[in-house]
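K.L.:
Give me coordinates for this.
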Amino acid sequence: MLVQKIPTMDDETTERLLRLLEPSPGSDSTIFFVSQSNRPVHDLTAGEALYFRSAIRDDDLIELGKGFDRLLSLWLEALKEDPKGPTPLFGAYEEEIAIFVNELRKRPCADKLDEPIEKFLDGVGNPWLSYGRPLNGYPITIDTQYDDETIINHVKSWLAEKRKADGERARRPFLQNDFDDWEYYKIREIFDLQTWSSLMNVKIADKVIAHSLWPNASDDFSPIDVLRTTARKKVKEVFTFSVVIRLYGQLLLEYGENFLKK
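P.N.:
Prediction:
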């Protein structure tokens with residue numbers, strides 16, 4: 001433990017201090033969910049940690065970060081002096097921590113430390129995660145000392161709240177039935193025709209599109225009705241950036257990073 005109990009600090013303050021400042025032990029107990037990777041659960045990378053630190057735009061948190069830097073620098077200097085301690089620098093470190101935490105308790109911004117990080121990124125995109133979309137790239141920590149059932153239930157609860165807040169409704173990966181459905185309704189062909197007609201400023205009648213897509217339709221199948229009521233709706237649903245992200249991530253998981261070359 002880096003810090004001994006200081007008489008001027010109560011138990012709650014000491015516990016908060018240790019939680020914020022003491023480095024975690026080297027173990028696998030802290031893992032993170034990061035989107036758009038073929039490692040959905042992995043340790044936070046150095047690049048991601050640097051991004052989050054630099055992306056915070058809240059002035060209060062920036063100043064607190066500078067305070068953390070000063071404390072940790074002092075601790076490193078104490079270790080250089082004598083890793084086994086105690087030395088005068090260890091004493092100075094403890095005194096600085098007591099001052100820092102006692103001042104922290106008086107600051108109205110102290111509550112911000114427990115808030116989700118996305119509240120303070122000011123809409124900044126994330127170049128390391130999720131194609132620059134900060135919405136989908138934030139890690140959450142998982143304490144693996146809990147049992148599997150507890151962890152799974154809490155992850156489900158967190159995910160449900162996140163989906164509710166974000167408006168996402170993806171509940172399963174894309175299956176072969178989805179691809180068959182897209183082929184049946186000719187969504188790629190419709191998208192190509194709509195794009196071409198828009199670029200060329202040419203109007204294509206619905207009956208022309210319907211007949212060209214389903215030239216041998218049976219008597220109980222109305223191509224123009226299917227085009228107007230179902231197919232075009234599916235084109236709008238499928239040809240979106242969110243679907244591209246989901247498909248790309250799914251292919252990463254199934255085939256690895258070089259799937260486009262296979």
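K.L.:
Low-confidence stretches in the chain?
P.N.:
Confidence mapping of the chain against pLDDT under 70 gives the ranges 1-44, 118, 121-139, 168, 261-262.
K.L.:
So it: which segments form each domain?
P.N.:
As assigned by automatic domain parsing, the chain contains the domains 11-166, 176-261.
K.L.:
Using CSV, lay out those together with mean neighbour count.
P.N.:
Any C-beta I mention is one placed from the backbone N, CA and C, and that applies to glycine too. Output for the domains of the chain, formatted as CSV (neighbours: other Cβ atoms under 10 Å):
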stretch, mean neighbour count
domain 11-166, 14
domain 176-261, 13
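K.L.:
what's near enough to touch the residue nearest to residue 85 when sequence neighbours are not counted?
P.N.:
Using Cβ to Cβ, 6 or more residues apart in numbering and skipping the chain neighbours, the partner closest in space to residue 85 is residue 78 (6.8 Å). The contact partners of residue 78, by Cβ atoms under 8 Å, 6 or more residues apart in numbering, come to 85, 87, 89-90, 92-93.
K.L.:
Tell me how far the biggest helix by length in the chain lies from the chain's centre.
P.N.:
Longest helix of the chain, by residue count under DSSP state H: helix 59-81. Centroid separation for helix 59-81 versus its chain: 27 Å, with Cα atoms, centre = their mean, to the nearest Å.
K.L.:
what's the next secondary structure element after it?
P.N.:
Counting by DSSP states H and E, the element after helix 59-81 in chain order, helix or strand, is helix 88-106.
K.L.:
What separation do you get for residue 75 and residue 148?
P.N.:
36 Å (Cβ to Cβ, to the nearest Å).
K.L.:
about what we covered before: so which pair among the contacts of residue 78 is furthest apart in space?
P.N.:
For those, the farthest-apart pair by Cβ to Cβ is 85 and 92; their separation is 11.7 Å.
K.L.:
Now do the same for the residue of the chain most remote from its centre: helix, strand or coil?
P.N.:
No residue in the chain sits farther from the centre than residue 219, which is 49.6 Å out by Cα atoms, centre = their mean. Secondary structure assignment for residue 219 (DSSP: H, G, I helix; E, B strand; the rest coil): coil.
K.L.:
Could you do the one 10 residues further on as well?
P.N.:
For residue 229, the secondary structure call by three-state DSSP comes out as helix.
K.L.:
follow-up on the earlier one: now the contacts of residue 78 in JSON lines, with distance to residue 144?
P.N.:
Shown next, in JSON lines, are the contacts of residue 78 (distance: Cβ to Cβ, whole Å):
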{"residue": "85", "distance to residue 144": "31"}
{"residue": "87", "distance to residue 144": "36"}
{"residue": "89", "distance to residue 144": "35"}
{"residue": "90", "distance to residue 144": "32"}
{"residue": "92", "distance to residue 144": "36"}
{"residue": "93", "distance to residue 144": "30"}
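K.L.:
any idea which of those is the one closest to residue 243?
P.N.:
residue 93 (52.2 Å).
K.L.:
For that closest one, list the residues it contacts.
P.N.:
Counted by Cβ under 8 Å, 6+ apart, residue 93 has contacts 71, 74-75, 78.
K.L.:
Kindly indicate which of these lies nearest residue 210.
P.N.:
Nearest to residue 210 among the contacts of residue 93, with distances taken as Cβ to Cβ, is residue 71, at 69.9 Å.
K.L.:
Give me the distance between the closest one and residue 93.
P.N.:
Going from residue 71 to residue 93 by Cβ to Cβ gives 7 Å.
K.L.:
got it, and residue 194?
P.N.:
Taken as Cβ to Cβ, the span from residue 194 to residue 93 is 66 Å.
K.L.:
try residue 207
P.N.:
To residue 93, residue 207 is 80 Å away according to Cβ to Cβ.
K.L.:
Kindly report the same for residue 191.
P.N.:
63 Å.
K.L.:
cool, residue 203 as well?
P.N.:
Between residue 203 and residue 93 the distance is 75 Å, computed by Cβ to Cβ.
K.L.:
now do residue 223
P.N.:
In terms of Cβ to Cβ, residue 223 sits 77 Å off from residue 93.
K.L.:
Please apply the same query to residue 73.
P.N.:
Residue 73 is 10 Å from residue 93, by Cβ to Cβ.
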